[in-house]
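Need coordinates for the below:
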Amino acid sequence: MHNRTFLILILVLSCALLVAGGVFIGAALYLQGRAPAIAAFPTAPSAGNLLLTPEASGGMPQVGDPAPDFTVATLDEKPLKLSDFRGKPVMLNFWASWCGPCTAEMKNIEAVYQKHINEDVVILGVNQGEGAETIKGYSELWKLNFRLVRDQGDMASRLYQVRALPTTVFVDADGNIHEIHVGGPITVEFIEKRINKLLGQE
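Purely as a prediction, here's the structure:
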């Protein structure tokens, strides 16, 4: 009798655990499905360490503000400054290889780059926290030809207070911020509309 009671108790507890586990998994899947199409930036600077220069001390850069200058590294380890492209519209795309929405929009960015390859527009893919070999391999895998650079020390992401990936910033030829967009994947049409406006073609 005692053995039978013990077995019934085990069965009841097992069923309860299965039901609880199903509820937990279901809730997790539901929340995942409701998540926005952005990836949390794991190396996002803390609230006390966001600002690197006096120019950025007023908080996150806003549309119309001068775009904070920064230095990044090309894949052959040469320094490159945003200010090197003054006089040309610039699209900054903050990304990482582990970011799903970033990868989903790369083909769209490449398509726009190919269309405007002979025009005075610059596209910079500013990678977050990964090495040159990883970026090179990613570029070859996805057949990317626009310029991918390394954000050494998270300087650029700190200046622009990047908290989620992808984040895309459009800078006009005068060096002022035209638009900041968080999330993705962005479409060819979305990019084209901004670049055409910056080129005065709209």
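
The residue most central in space within the chain: what's it in contact with?
In the chain, the residue lying closest to the centroid (C-alpha atoms, centre = their mean) is residue 166, at 2.0 Å. Neighbouring residues of residue 166 by C-beta atoms under 8 Å, 6 or more residues apart in numbering: 38-39, 93-95, 99, 101-102, 105, 182-186. All C-beta atoms are positioned from the backbone trio N, CA, C, and that covers glycine.

Dihedrals phi and psi, it?
phi -80, psi 150 (degrees, to the nearest 10).

repeat for residue 191
When read as degrees, to the nearest 10, the backbone of residue 191 gives phi -70, psi -50.

Apart from its chain neighbours, what residue comes closest to it?
Among residues not flanking residue 191 along the chain, residue 112 sits closest, at 4.6 Å (C-beta to C-beta, 6 or more residues apart in numbering).

Got the confidence number for residue 51?
pLDDT recorded at residue 51 is 30.

same deal with residue 43?
So, for residue 43, pLDDT stands at 37.

quick one: the strands in this structure?
In the chain, the segments counted as strands under DSSP state E are 39-40, 71-73, 79-81, 90-95, 122-127, 147-150, 164-165, 167-171, 177-182.

distance of the nearest residue to residue 105 once chain neighbours are set aside from residue 172?
Closest residue in space to residue 105, ignoring its immediate chain neighbours: residue 185 at 3.4 Å, by C-beta to C-beta, 6+ apart. Distance of residue 185 to residue 172, given as C-beta to C-beta, to the nearest Å: 24 Å.

what does residue 59 give?
Relative to residue 172, residue 59 is positioned 21 Å away (C-beta to C-beta).

if you count what's nearby, which of those two comes out ahead?
residue 172 (17 against 10; other C-beta atoms under 10 Å).

Lovely, talk soon.
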